[in-house]
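Student: this one's structure only:
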């Protein structure tokens, strides 16, 4: 794989992600997005969409390019493909089975409480590995960190308030970002 191919793959993945999201672009689960949410969404759009496209299309960030590694780019392709698959599955499992009205604990949600955050993490890692640019690559990882630290605790608290003991039990069986390897008990939700 060449550097141009790796960068083109990332742009293609951005387009695929946009196509996957397009039919559900207005789904907000019946609640308004707060100012912080809009700011984080804007920052995410810049670092995960605009920065990679700018890096690919114009030479502004070439000064930050690292020595290209074919093996690293292939690992990035694997992570990016995994991110797209997880994004597609999580969105489908959530919207098609509940529409945001009830707790979802099946499909990918059987193993992960926040598969969209996991997809975002995988995407950020893929961006680092595909762009191989010390400035454009980690931009998405920094955004992910901000989103994770600011939003994840609130999401968990909101779910606990809404679903109570049932969500607490669900938390004991599933990982937030990574699946739990060892579960003492497997209940159906």
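Tutor: Nice, thanks for sending it over. Computed from a predicted model, the values in this text were never measured in an experiment.
Student: Can you list phi and psi of residue 175 for me?
Tutor: phi -90, psi 160 (degrees, to the nearest 10).
Student: Who are the contact partners of the closest residue to it other than its chain neighbours?
Tutor: Spatially, and ignoring its direct neighbours in sequence, residue 175 is nearest to residue 112 (6.1 Å; Cβ to Cβ, 6 or more residues apart in numbering). All C-beta spots, glycine's among them, are computed from the backbone N, C-alpha and C. Neighbouring residues of residue 112 by Cβ atoms under 8 Å, 6 or more residues apart in numbering: 90, 118, 174-179.
Student: nearest to residue 61, of those residues?
Tutor: Nearest to residue 61 among those is residue 118, at 27.3 Å by Cβ to Cβ.
Student: Residue 48 and residue 39: what is the separation?
Tutor: The gap separating residue 48 from residue 39 is 15 Å, by Cβ to Cβ, to the nearest Å.
Student: Between the two, which has more neighbouring residues?
Tutor: Using other Cβ atoms under 10 Å as the criterion, residue 48 and residue 39 rank with residue 48 on top: 21 against 13.
Student: Show me what counts as buried in the worst-scoring helix or strand of the chain on mean pLDDT.
Tutor: When the helices and strands of the chain are compared on mean pLDDT, DSSP states H and E, helix 35-45 comes out lowest with a mean of 84. By neighbour count with 16 or more other Cβ atoms under 10 Å, helix 35-45 contains the buried residues 37, 40, 44.
Student: from the middle of its chain, how far away would the next helix or strand after that helix be?
Tutor: Using DSSP states H and E, the next helix or strand after helix 35-45 towards the C-terminus is helix 51-57. Between the centre of helix 51-57 and the centre of its chain there are 19 Å (Cα atoms, centre = their mean, to the nearest Å).
Student: and if you look at stretch 72-90?
Tutor: 10 Å.
Student: Buried residues in it, which are they?
Tutor: Buried residues in stretch 72-90, defined by neighbour count with 16+ other Cβ under 10 Å: 72-73, 76-77, 79-80, 82-84, 86-90.
Student: helices and strands around the least confident helix or strand of the chain, which ones?
Tutor: Helix 35-45 sits against helix 139-163, with contacts defined as 3 or more Cβ pairs under 8 Å, 6 or more residues apart in numbering; DSSP states H and E.
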